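Student: Quick check, what structure comes out for this input:
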Amino acid sequence: MSEIKEIIGTVAENSTEIVKELYADAAKPAVQPTGEIVSLIPRAIKAALLPVEKWVVQREYNLKETKKLLEEKLKDVPPENIESPEAHIAVPALQYISYCMDNEELKNMYANLLANSMNSVVKNGVHPGFVEIIKQLSPDEAKVLKHFYSNRTVPTVTLRYELNNGGGVAVLKNFSNIGELIGCERPLSINIYFDNLIRLGLLKDSSSLSSLTDKNLYLPLKTHPALVPLLDPKRIAETKYEKSTFVEGFMSLTDYGDAFCKICLDPPQSDDKKK
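Tutor: Next up is the predicted model:
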């Protein structure tokens, strides 16, 4: 690691010096011999490519770290079951994991995907689309999926403003407090996360079909502090609507989402292990 940092430091230092030289040259009188002007081009190209060289060096380090992750993931797999992964899955996965080594959630997803693509027992369950799905997930959304894998469903409420004689509009759709419970960086963006996970085919919204039997699950949502301003009668009175109502629903994994979780997430811990 120290060697990698030293190389990167050298690259960064050289980059700074070249940029200083180019700046000094640019400050000189505009009229210069043609040969001198042309000589600036190679140096400009070198300066422009130095950040890329830095990334290449870092990527080599990331590849070593990925191999360590795979060793851990495959430590309990019999050696005879470990085989080469499909290139159309492994190549982009190796590329993308190098971009997110500083994020535990996404890094772990790619590592699980790679490990399972090398395990002959489960590799048939690795869908090529899984690589692109991880690429389109935020760290918060990865946490949300992890929760669904353990709990299957999440209660939601949609807040509506309505007229007494019918008609209305959804003010806030698919609200949930799950973002706070699992430690999301932006817990109140949970409905946006749900939309993206639905778009990716991982979740489905059952609000229009049914609600959960245990109505106590909805009480913390209906009384959540974030909704208090929206329930203010004065605020409702300022609109053309006359009352507020809640539509109870829930989010759940699709079959595709379940298959994705089995390949890309660690197995859910039992209650005993959590203790």
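Student: Please make it C-alpha for all contacts and neighbour counts, starting now.
Tutor: Will do.
Student: mind checking the end-to-end distance for stretch 156-173?
Tutor: End-to-end distance of stretch 156-173: 8 Å, with CA to CA, to the nearest Å as the criterion.
Student: which residues sit against it?
Tutor: Applying CA atoms under 8 Å, 6 or more residues apart in numbering, the contact partners of stretch 156-173 are 174-176, 191, 207, 218, 221-222, 236, 240-251.
Student: Pull out the buried positions in the strand or helix carrying residue 219.
Tutor: If you go by DSSP states H and E, residue 219 is part of helix 219-222. Within helix 219-222, the residues that count as buried by 16 or more other CA atoms under 10 Å are 221-222.
Student: again, but for stretch 168-182
Tutor: In terms of neighbour count (16+ other CA under 10 Å), stretch 168-182 has its buried residues at 168, 173-179.
Student: show me where pLDDT drops low in this structure?
Tutor: 1-42, 44-46, 48-61, 270-275 (pLDDT under 70).
Student: For it, which segments count as helices?
Tutor: 2-27, 34-73, 87-97, 104-117, 129-135, 139-151, 178-181, 190-199, 219-222, 233-237, 255-264, 271-274 (DSSP state H).
Student: send the alpha carbons of the fourth one over as PDB?
Tutor: It refers to helix 104-117. Provided in PDB are the C-alpha atoms of helix 104-117 (Å, rounded to 0.1, in the frame of the first residue of the first chain):
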ATOM      1  CA  GLU A 104     -18.500  -0.900   1.600                       C
ATOM      2  CA  GLU A 105     -22.100  -1.500   0.400                       C
ATOM      3  CA  LEU A 106     -21.400  -1.300  -3.400                       C
ATOM      4  CA  LYS A 107     -18.000  -2.900  -3.100                       C
ATOM      5  CA  ASN A 108     -19.500  -5.900  -1.300                       C
ATOM      6  CA  MET A 109     -22.200  -6.300  -4.000                       C
ATOM      7  CA  TYR A 110     -19.600  -6.500  -6.800                       C
ATOM      8  CA  ALA A 111     -17.500  -8.900  -4.800                       C
ATOM      9  CA  ASN A 112     -20.400 -11.200  -4.200                       C
ATOM     10  CA  LEU A 113     -21.400 -11.000  -7.800                       C
ATOM     11  CA  LEU A 114     -17.800 -11.900  -8.900                       C
ATOM     12  CA  ALA A 115     -17.500 -14.700  -6.300                       C
ATOM     13  CA  ASN A 116     -20.800 -16.300  -7.300                       C
ATOM     14  CA  SER A 117     -19.900 -16.100 -11.000                       C
END
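Student: Centre of the chain to it, how far?
Tutor: Averaging C-alpha positions (CA atoms, centre = their mean, to the nearest Å) puts helix 104-117 12 Å from its chain's average.
Student: which helices and strands sit right next to it?
Tutor: helix 34-73, helix 87-97, helix 129-135, helix 139-151, helix 255-264 (3 or more CA pairs under 8 Å, 6 or more residues apart in numbering; DSSP states H and E).
Student: Please list all residues in contact with residue 103.
Tutor: Residue 103 touches residue 139, counting by CA under 8 Å, 6+ apart.
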